[in-house]
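Q: sequence-free structure coming up:
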């Protein structure tokens, strides 16, 4: 069942389109991430869903009802803002109870619901503490508890973790995801952090310049991006200009031939295509680095940079005319060192042909 449907939703400011004819269906009970760079329209789209902005054109339907022009306070949605917007003069319990007071719930029912939510966010001992005395992660939990206090039908999160340090941010990603799954609450989250989207989402909506570039499950978007923009934005990738031979093969700038398993996926315009291969799919071999071993999908290169993060290595390889990034481990490539000649293999099944980034992007 699809609860939320957007049809040709557009938001124009003067002559500029912040959101440009967006069509989208959000599945019931799932966590969907709007992902994209700053200025791509993801927050404007979220605000239109929330009722905080009105579309210039198009329609928004929720549970079979047109809510395009329905005021925000009548939509029964919960929202967590980037700033969290907690009331500094109130306690933790006071903040959580605020939406319940607005609904004129009796005191006993308010207390029961607040206690239930304090248990849910694991802060029952802090009910009477001022929110100003909480850590960033604790404030984050209180903001979420307040947003879901009145059992909303949809939860909207606008970059809620952006102010947290890296370690706390990762911990909160897991907490929010577990909470969302436990409640079965349809959730839309805005983020510009692709790792966050990959970690948390059932479905990712990648946005570019006000439009949807691709919608899909995180791994599908990572493995099969539709174009260079999506490939570059989601994770690390080697994106190389190639010439297509029309028969399932391509050649790199140095003339090296590359065989691709799925040539049928070549973009319609073969004049401007790219080869994508993820760093973890590049197989690096030290012992076999001789010209005798070169050939289709087997490139000789020299290591020009190594980033060692303990459990893994990231090596930059100069292949005469272009560079490759390969992700490996000390166990897989023992003795890997700067200046060393290596053989880089590009497995045909891991090589993807994608449309090049449009001019002006």
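A: Cool, the structure landed. All values reported here derive from a predicted model rather than from experimental measurement.
Q: Compute the first-to-last residue distance for stretch 328-336.
A: Distances were taken as CA to CA, to the nearest Å; on that basis the terminal residues of stretch 328-336 are 10 Å apart.
Q: Now do the buried residues in that stretch.
A: If you call a residue buried by 16 or more other CB atoms under 10 Å, then stretch 328-336 has these buried ones: 328, 333, 336. Every C-beta, even on glycine, is put in place using the N, C-alpha and C of the backbone.
Q: Grab the nearest non-local neighbour of the second one.
A: I take that to be residue 333. On the basis of CB to CB, 6 or more residues apart in numbering, the spatially nearest residue to residue 333 that is not a chain neighbour turns out to be residue 284, at 5.2 Å.
Q: separation between residue 194 and residue 183?
A: Between residue 194 and residue 183 the computed distance is 25 Å (CB to CB, to the nearest Å).
Q: between those two, who's got more neighbours?
A: Here residue 194 and residue 183 are set side by side on neighbour count (other CB atoms under 10 Å), and the busier one is residue 194, at 20 against 14.
Q: burial count for the closest residue to the more buried one other than its chain neighbours?
A: Here the nearest residue to residue 194 in space, its sequence neighbours aside, is residue 234; by CB to CB, 6+ apart that works out to 5.2 Å. Counted with other CB under 10 Å, residues neighbouring residue 234 total 21.
Q: which ones are touching residue 234?
A: If a contact means CB atoms under 8 Å, 6 or more residues apart in numbering, then residue 234 has 35, 194, 198, 204, 206, 221, 222, 225 as its contacts.
Q: now, which of the residues you listed lie within helices?
A: Taking DSSP state H as the definition of helices, these contribute 194, 198, 221, 222.
Q: Which stretches in this structure count as helices?
A: Secondary structure of the chain (DSSP H): helices located at 42-50, 92-102, 107-120, 136-148, 166-183, 194-200, 218-223, 228-233.
Q: Can I get those helices in TSV including mean pLDDT?
A: Rendered in TSV, the data for the helices of the chain read as follows (pLDDT from 0 to 100):
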stretch	mean pLDDT
helix 42-50	95
helix 92-102	90
helix 107-120	89
helix 136-148	87
helix 166-183	85
helix 194-200	91
helix 218-223	94
helix 228-233	92
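Q: tell me which residues form a beta bridge with the closest residue to residue 298 other than its chain neighbours?
A: On the basis of CB to CB, 6+ apart, the spatially nearest residue to residue 298 that is not a chain neighbour turns out to be residue 345, at 5.3 Å. Each beta-bridge partner of residue 345 is listed here, defined by DSSP bridges: residue 283, residue 298.
Q: does residue 345 really touch residue 293, like I thought?
A: No: under the criterion of CB atoms under 8 Å, residue 345 is not in contact with residue 293, lying 9.4 Å apart.
Q: The two - which one has more neighbours?
A: A side-by-side neighbour count of residue 345 and residue 293, using other CB under 10 Å, places residue 345 first with 18 against 14.
Q: got a list of what the nearest residue to residue 209 once chain neighbours are set aside touches?
A: In space, residue 209 comes closest to residue 40 once its chain neighbours are excluded; the distance is 6.2 Å by CB to CB, 6+ apart. When contacts are counted by CB under 8 Å, 6+ apart, residue 40 is found next to 207, 208, 209, 210.
Q: any idea how far the spatially most central residue of the chain is from residue 136?
A: The residue at the geometric middle of the chain, judged as the C-alpha nearest the mean C-alpha position with CA atoms, centre = their mean, is residue 197 (3.0 Å). Here the criterion is CB to CB. By it, residue 197 lies 21 Å from residue 136.
Q: Which residues are in contact with residue 89?
A: Contacts of residue 89 were listed using CB under 8 Å, 6+ apart, and they are residue 130.
Q: try it again with 10 Å
A: Neighbouring residues of residue 89 by CB atoms under 10 Å, 6 or more residues apart in numbering: 95, 130, 131, 132.
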